[in-house]
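Colleague: the following block contains a protein sequence and its predicted model.
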2 protein chains.
Amino acid sequence: MVFSSSLLENAVNEFAKLPGIGKKTALRLVLHLIKQDKNEVAHFSETIDAMRREIKFCKNCYNISDKELCNICSNPMRKKELICVVENIRDVIAIESTQQFNGVYHVLGGIISPLDGIGPEQLNIEGLTKRVTEEKTVEIIFALNPTIQGDTTIYYIGRKLKELPVKITTIARGIAFGGELEYADEMTLAKSISNRIPIEHYIASIG
Amino acid sequence: MVFSSSLLENAVNEFAKLPGIGKKTALRLVLHLIKQDKNEVAHFSETIDAMRREIKFCKNCYNISDKELCNICSNPMRKKELICVVENIRDVIAIESTQQFNGVYHVLGGIISPLDGIGPEQLNIEGLTKRVTEEKTVEIIFALNPTIQGDTTIYYIGRKLKELPVKITTIARGIAFGGELEYADEMTLAKSISNRIPIEHYIASIG
């Protein structure tokens, strides 16, 4: 791409550094911004810059936060004795959007994946065991993706917490709501049979 | 989407205002920026803001420019008597990228499209007739998209310039290079036959 303006070229190159944004998309975004009011574009760039400068990680659960403690950890209505362990911030947003969970979170910052060079020491596991010991946690729910890496992580942390008086559970894996048995993979179908639930529990959950 | 941080939420909302970027993509971009160095993100937002604040439109051809006159208009090597008329800046970039054109441009800023409420008075047509009169233009090449709106615009401007001693041409429409006759639409195929070119011209152009 040949540009007749270096201001334009620089802006396109900056956008093209973002993941999933190529040069053509970047140009489309920049030409859109050129059509906007100067103050609006200034507001756009200030918001992005302020976000990066001021954002913190909650010192308790490692969730993204505006303050030392995130909104969830500092909310007195949330049950502190119920911790949901997730891989990343995106998973927190996904679970929060269901509005079904009223405990707190613990963000690992990844999952154990030797092939990617990620071992337990790179994850926020120390913080979790410390919380469980200090906060009298009653239950830990693992909400990790159902992959080998996810299962390895559950196994590793599960062993670390074995001696502590805490109940450990994992979110149910099975046929997705709205899914069809016929098209489910064998592994999912097999697990959904071996982890079958009593009908009264199921009726209570859909009631 | 439920966010536990308003800094995060504001940044996602700003990205989601951009065309073709939904909330999920915006979140992905913002989480990417959070992982980057603070200075890099500051550079990103400064570049975007500076671009919008400082960018100008060339007073001669209405192309995007860093200065009063764009790089192309102020380049003494470009033939000022050959003007290529295009719809927008994206078309200038596309033609410049071919490195085949050594004249100058005139950006209309749109094409005549009554259905979208765009009439000739909204386009930079006045400036074009002024240039043709003052600059002793020898040839005008229309490089507009081959649509009814494009053809209407060519017809309108062609009539305006009829009295002036300038040659008016349009880029060739026909079977695209690498395209197959079999799959060409009838209109394109018909036009490629009626606008056929002498074999010696063709051989010279591929030579």
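Modeller: Received it, and whenever you're ready, just let me know what you need.
Colleague: and A:Val132, what does it touch?
Modeller: A:83, A:140, A:161, A:164, A:166 (CB atoms under 8 Å, 6 or more residues apart in numbering or on different chains). Backbone N, C-alpha and C define where each C-beta goes, glycine included.
Colleague: please repeat the previous calculation with a cut-off of 10 Å.
Modeller: By CB atoms under 10 Å, 6 or more residues apart in numbering or on different chains, the contact list for A:Val132 reads A:81, A:83, A:106, A:138, A:140, A:157, A:160-161, A:164-166, A:168.
Colleague: after the helix or strand where it lies, which helix or strand is next? Please name it.
Modeller: According to DSSP states H and E, A:Val132 maps onto helix A:125-134. Later in the chain than helix A:125-134, the nearest helix or strand by DSSP H and E is strand A:139-142.
Colleague: quick one: average pLDDT of that following strand?
Modeller: Mean pLDDT, strand A:139-142: 92.
Colleague: show residues contacting that strand.
Modeller: Counting by CB under 10 Å, 6+ apart, A:79, A:81-87, A:95, A:101, A:103, A:105-106, A:108, A:128, A:131-132, A:150-151, A:153-154, A:157-158, A:161, A:164, A:166-171 sit against strand A:139-142.
Colleague: please identify the buried residues of it?
Modeller: The neighbour-count check on strand A:139-142 (16 or more other CB atoms under 10 Å in any protein chain shown) flags A:140-142 as buried.
Colleague: before we move on, the earlier item: could I get the helix holding A:Val132 in PDB with only the CA atoms?
Modeller: What follows is helix A:125-134, C-alpha atoms only, in PDB (Å, rounded to 0.1, in the frame of the first residue of the first chain):
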ATOM      1  CA  ILE A 125      -1.900 -20.600  42.100                       C
ATOM      2  CA  GLU A 126       0.000 -19.500  45.200                       C
ATOM      3  CA  GLY A 127      -2.500 -16.700  45.700                       C
ATOM      4  CA  LEU A 128      -5.400 -19.300  45.500                       C
ATOM      5  CA  THR A 129      -4.000 -21.600  48.100                       C
ATOM      6  CA  LYS A 130      -3.300 -18.600  50.300                       C
ATOM      7  CA  ARG A 131      -6.900 -17.400  49.900                       C
ATOM      8  CA  VAL A 132      -8.300 -20.800  50.700                       C
ATOM      9  CA  THR A 133      -6.300 -21.000  53.900                       C
ATOM     10  CA  GLU A 134      -7.000 -17.500  55.100                       C
END
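Colleague: list the buried ones in it?
Modeller: Those would be A:125, A:127-128, A:131-132, for helix A:125-134 by 16+ other CB under 10 Å.
Colleague: point out where chain A drops to low pLDDT.
Modeller: A:207 (pLDDT under 70).
Colleague: could you chop it up by domain?
Modeller: A:6-54, A:64-171 (automatic domain parsing).
Colleague: go ahead and confirm A:Ala26 touches A:Glu14.
Modeller: Yes: counting by CB atoms under 10 Å, A:Ala26 touches A:Glu14, with 7.9 Å between them.
Colleague: what about the helices in chain A?
Modeller: A:6-16, A:23-35, A:38-54, A:89-98, A:125-134, A:148-160, A:186-194, A:199-206 (DSSP state H).
Colleague: so which elements touch the third one?
Modeller: Okay, so that is helix A:38-54. helix A:23-35, helix B:6-16, helix B:23-35, helix B:38-54 (3 or more CB pairs under 10 Å, 6 or more residues apart in numbering or on different chains; DSSP states H and E).
Colleague: that helix to helix B:23-35, inter-axis angle?
Modeller: Note on geometry: by axes from the mean of the first three to the mean of the last three CA atoms, to 10 degrees, helix A:38-54 and helix B:23-35 are set 50 degrees apart in direction.
Colleague: as CSV, could you dump the C-alpha coordinates of helix A:38-54?
Modeller: Below are the C-alpha coordinates for helix A:38-54, written out as CSV (Å, rounded to 0.1, in the frame of the first residue of the first chain):
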residue,chain,number,x,y,z
LYS,A,38,-11.7,15.9,16.2
ASN,A,39,-13.0,15.9,19.8
GLU,A,40,-14.5,12.5,19.4
VAL,A,41,-11.3,11.0,18.1
ALA,A,42,-9.4,12.8,21.0
HIS,A,43,-11.9,11.1,23.4
PHE,A,44,-11.3,7.8,21.7
SER,A,45,-7.5,7.9,22.1
GLU,A,46,-7.7,9.4,25.7
THR,A,47,-10.0,6.6,26.8
ILE,A,48,-7.7,3.9,25.4
ASP,A,49,-4.6,5.5,26.9
ALA,A,50,-6.3,6.1,30.3
MET,A,51,-7.4,2.5,30.4
ARG,A,52,-3.9,1.2,29.9
ARG,A,53,-2.3,3.7,32.3
GLU,A,54,-4.8,3.2,35.2
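Colleague: buried ones in that helix?
Modeller: Within helix A:38-54, the residues scored as buried using 16+ other CB under 10 Å are A:41-42, A:44-45, A:47-49, A:51-52.
Colleague: now the fourth one
Modeller: Within helix A:89-98, the residues scored as buried using 16+ other CB under 10 Å are A:89, A:91-93, A:95-96.
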